[in-house]
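In: using only what follows, build the 3D model:
(one chain, ligands or ions: 1)
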Amino acid sequence: MRVNANEVNRMVDLLQLTGINKKVSSSGGGEYAGPCPLCGGTDRFRVQPFGPEGGKWFCRGCGEGRWHSPIDFVMMRDKVDFKNAVAKLTGVSTPINQPPQQVKTNDKDKWNEAATKFLSESKLSFLDAEKAIDWLAKRGLLIETVCNAQIGFNPEDHYGDPVKWGLSPTEKIWLPRGIVIPCFHDQQLKYLKIRRPSGDPKYYIVKGSTGFIYGGNTFKNALTAFLFESEFDALLAYQTLPGVGSASLPAGNSIHPEWQPIFDPIQDLIIAYDQDAEGLRAAEKLIEAIPAIHKAGTLPQGKDLSEYFQSGGDVLDWLLSELDNLEGAK
Ligand SMILES: [Zn+2]
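Out: Below is the predicted model of the structure:
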């Protein structure tokens, strides 16, 4: 499976990237307006996010009278060259869905040490976190799966010591209460995400984390794999059908060219994103960019696999029927 870096413009959700959300007309598949994130004003900035070539934007102030691409936007906003803009958009250090929290740490080793320590403590706390254990069990996850995934629990909101986390002393490292989900790849800790019991955002990515595909290790001995939006769905699918790969990547993120080796063994990737507008749009974009992707059929109930399980659905049955459909399509 090949990922074409030139597809980046088509994969980016330009509304999310620019923060513009007011629809003003239906030209070009829908046009949105607002102040320019680069030069201000009130409605000088226009976005047509759903064009056949991907999203494009226009600014009466700084746009030199023509339409621009998402990559142009990042080049101008961050004052970086084309290559760096592409790297930013493809999400290794800045997943598109959560830009403000993604600060690249200057000292990865320190971050790793602090994150590993925090995770070890969270794993100990998890043993007493009855509500969290219960919450995960209700989503179909066996304790064995949770332990293998090294899931932990952080009992209270607090701030870490930024210096110990490899950040500058003036930065804040917030560690909210909740279920701690680590993403490892080849024994390396890539990110820590915390599922908070309440509050927005529901899922918080700990500062200094690296955006990465979750569960890529399960692709190693598989020919077919599922790609979900959430870690819990990926874990539930893998627990149910271990012979098939199961990973997750938040909607709106593209598959980074550096992850290519992870995808190499996979002949068929079934994308099972959430059945809401954002998930469906993100799935369509991935399918356009990567020919070997197949879209999963609609779940009989629920917007994702966990919800399907909770509504009494038979997860194994659904996964197997997806594999059957794949065979049938060949
Ligand atoms: Zn402007």
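In: what's the pLDDT at the residue nearest the centre of the chain?
Out: The geometric centre of the chain, computed from its C-alpha atoms, lies nearest to residue 250 (C-alpha atoms, centre = their mean), at 2.2 Å. Predicted confidence (pLDDT) for residue 250: 88.
In: wait, it sits on residue 231?
Out: No. Contact status for residue 250 versus residue 231: not in contact, 9.5 Å apart, counting by C-beta atoms under 8 Å. Where you see a C-beta, it was placed from the backbone N, CA and C, and this is true even at glycine.
In: on that earlier part again, check which helix or strand the residue nearest to the centre of the chain maps to.
Out: Assigning secondary structure by DSSP states H and E places residue 250 outside every helix and strand.
In: for the ion, see how far away it is.
Out: When distance is defined by C-beta to the ion, to the nearest Å, residue 250 is 28 Å away from the ion.
In: roughly how far out does the lowest-mean-pLDDT helix or strand in the chain sit from the chain middle?
Out: Within the chain, judged by mean pLDDT, DSSP states H and E, the helix or strand with the poorest mean is helix 8-11; its value is a mean of 77. Here helix 8-11 is found 16 Å from its chain centre; the criterion is C-alpha atoms, centre = their mean, to the nearest Å.
In: looking just at contacts, which helices and strands does it meet?
Out: Counting contacts by 3 or more C-beta pairs under 8 Å, 6 or more residues apart in numbering; DSSP states H and E, helix 8-11 packs against helix 70-78, helix 82-89, helix 277-289.
In: checking residue 270 next. Helix, strand or coil?
Out: Taken by DSSP: H, G, I helix; E, B strand; the rest coil, the conformation at residue 270 corresponds to strand.
In: with the one 5 residues further on instead?
Out: Recorded secondary structure, residue 275: coil (three-state DSSP).
In: list phi and psi for the residue in the stretch 151-300 of the chain positioned nearest to the ion.
Out: Taking C-beta to the ion, the ion has its nearest neighbour within the stretch 151-300 of the chain at residue 252, 23.3 Å off. Dihedral angles of residue 252 (phi, psi; degrees, to the nearest 10) stand at phi 100, psi -20.
In: tell me how many other residues crowd it.
Out: Residues contacting residue 252 under the criterion other C-beta atoms under 10 Å number 21.
In: cool, and residue 283?
Out: By other C-beta under 10 Å, the residues close to residue 283 number 21.
In: same deal with residue 268?
Out: When neighbours are defined as other C-beta under 10 Å, residue 268 has 19 of them.
In: now it: closest residue in space that isn't a chain neighbour?
Out: Sequence neighbours aside, residue 224 is the residue nearest to residue 268 in space, at 4.8 Å (criterion: C-beta to C-beta, 6 or more residues apart in numbering).
In: right, and that neighbour touches residue 246 too?
Out: No. Residue 224 sits out of contact with residue 246 when judged by C-beta under 8 Å, with a separation of 10.1 Å.
In: out of the two, which sits in the more crowded spot?
Out: Comparing residue 224 with residue 246 by neighbour count (other C-beta under 10 Å), the higher total belongs to residue 246, at 27 against 20.
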